[in-house]
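Trainee: pasting the structure only:
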């Protein structure tokens with residue numbers, strides 16, 4: 001299955017949420033959600049033809065190859081984020 005990229009859509013890399021900021025012919029530009037610990041935003045680029053994902057390394061001002069699988073952030077992830085200890089959050093609202 002190939003991912004259909006859209007600007008402002010959310011994708012996941014393991015548990016990290018990535019937001020698509022711009023799409024060129026062969027390159028999809030993404031940025032991470034802000035880490036909960038700091039205000040660091042990670043910048044990514046995906047080369048569609050090769051399927052390789054890179055993260056920008058600020059120390060050397062270059063992109064490093066990333067291991068992992070990029071996937072679409074869908075209804076299942078939203079539902080999982082709304083559960084508390086395996087219980088449905090909406091059960092507590094009554």
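Mentor: Now that the structure is in, tell me what you want to look at. Just so it is clear, the structure is predicted and the values come from calculations on it, not from any experiment.
Trainee: from now on I want contacts and neighbour counts done on CA atoms only, so please keep to that.
Mentor: OK.
Trainee: just checking, next helix/strand downstream of the longest strand seen in the chain?
Mentor: Scanning the chain for the strand with the most residues, using DSSP state E, yields strand 16-23. Once the chain leaves strand 16-23, the next helix or strand it forms, by DSSP states H and E, is strand 27-32.
Trainee: got the angle between the helix or strand following that next one and strand 16-23?
Mentor: The helix or strand immediately downstream of strand 27-32 is strand 43-47, counting by DSSP H and E. Counting by axes from the mean of the first three to the mean of the last three C-alpha atoms, to 10 degrees, strand 43-47 lies at 70 degrees to strand 16-23.
Trainee: let me see the contact set for the most centrally placed residue in the chain.
Mentor: Central residue of the chain (C-alpha atoms, centre = their mean): residue 18, 2.3 Å from the mean position. Remark: with contacts taken as C-alpha atoms under 8 Å, 6 or more residues apart in numbering, residue 18 is in contact with 10, 11, 12, 30, 31, 32, 33.
Trainee: any quick PyMOL command for the buried ones out of those?
Mentor: The following PyMOL line selects those of those that are buried, judged by 16 or more other C-alpha atoms under 10 Å:
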select buried, resi 10+11+12+30+31+32+33
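Trainee: just name the closest of the contacts of residue 18 to residue 47, please.
Mentor: Nearest to residue 47 among the contacts of residue 18: residue 30, at 11.3 Å, using C-alpha to C-alpha.
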